[in-house]
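Asks: predicted model, plus sequence, below.
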Amino acid sequence: MDLYKWSAKFVALVGSDLVADAFSLAREVRQLDMEAAPYDLSALGYRTVAIETSDGRAEYVGRQRDFSERGAPLRHRLLASLGSALAQIDQLEGRNQSSPNPPMSVGRADQLRRGPRPDTLSP
């Protein structure tokens, strides 16, 4: 869900296609969470993943692994887009050192620099 959070936060820099792809994956992750919850959601069309059984745990782990694998290209796209944007900001700031009004506020550029770390992004 972190992929969706960060892509939505920087939608102007990463594009709506990435946000939509990240949302789709986050929705599936949330669905699995609901299916593994101790509530009967069958009336809403959700099946149950019985994580208290070895088969249920294996299914849960397998689906989580699948989410992680499917999230890898999204992480790459997100980090590549943000890296490109940051490089452009650095280039503009380097050219405009004496400009009283930099093209992006320092706070916003710093926020982008502190953005998502690859090791903390979950699907």
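Replies: Yes, it's here.

Asks: other SSEs contacting the helix or strand hosting residue 84?
Replies: Element membership of residue 84 [criterion: DSSP states H and E] is helix 54-95. On a contact count with 3 or more CB pairs under 8 Å, 6 or more residues apart in numbering; DSSP states H and E, helix 54-95 meets helix 2-9, helix 11-14, helix 16-35, helix 106-113. Placement of C-beta: from N, CA and C, glycine included.

Asks: now do residue 89, the pLDDT please.
Replies: We have a pLDDT of 83 for residue 89.

Asks: so it versus residue 13, what's the distance?
Replies: 10 Å (CB to CB, to the nearest Å).

Asks: tally of neighbours for the closest residue to residue 21 other than its chain neighbours?
Replies: Leaving aside its sequence neighbours, residue 21 sits nearest to residue 74 (CB to CB, 6 or more residues apart in numbering; 5.8 Å). By the criterion of other CB atoms under 10 Å, residue 74 has 20 neighbours.

Asks: ok, residue 74 - contacts?
Replies: 3, 7, 18, 21, 22, 25, 123 (CB atoms under 8 Å, 6 or more residues apart in numbering).

Asks: quick revisit: among the helices and strands packed on helix 54-95, which is the most enclosed?
Replies: helix 2-9 (a mean of 20; mean count of other CB atoms under 10 Å).

Asks: so what pLDDT did residue 85 get?
Replies: So, for residue 85, pLDDT stands at 89.

Asks: give the burial count for it, as a bare number.
Replies: For residue 85, the count of nearby residues is 18 (other CB under 10 Å).

Asks: name the nearest residue to it, ignoring sequence neighbours.
Replies: residue 13 (4.3 Å).

Asks: again with residue 15
Replies: Using CB to CB, 6+ apart, the closest residue to residue 15 is residue 81 (7.1 Å).
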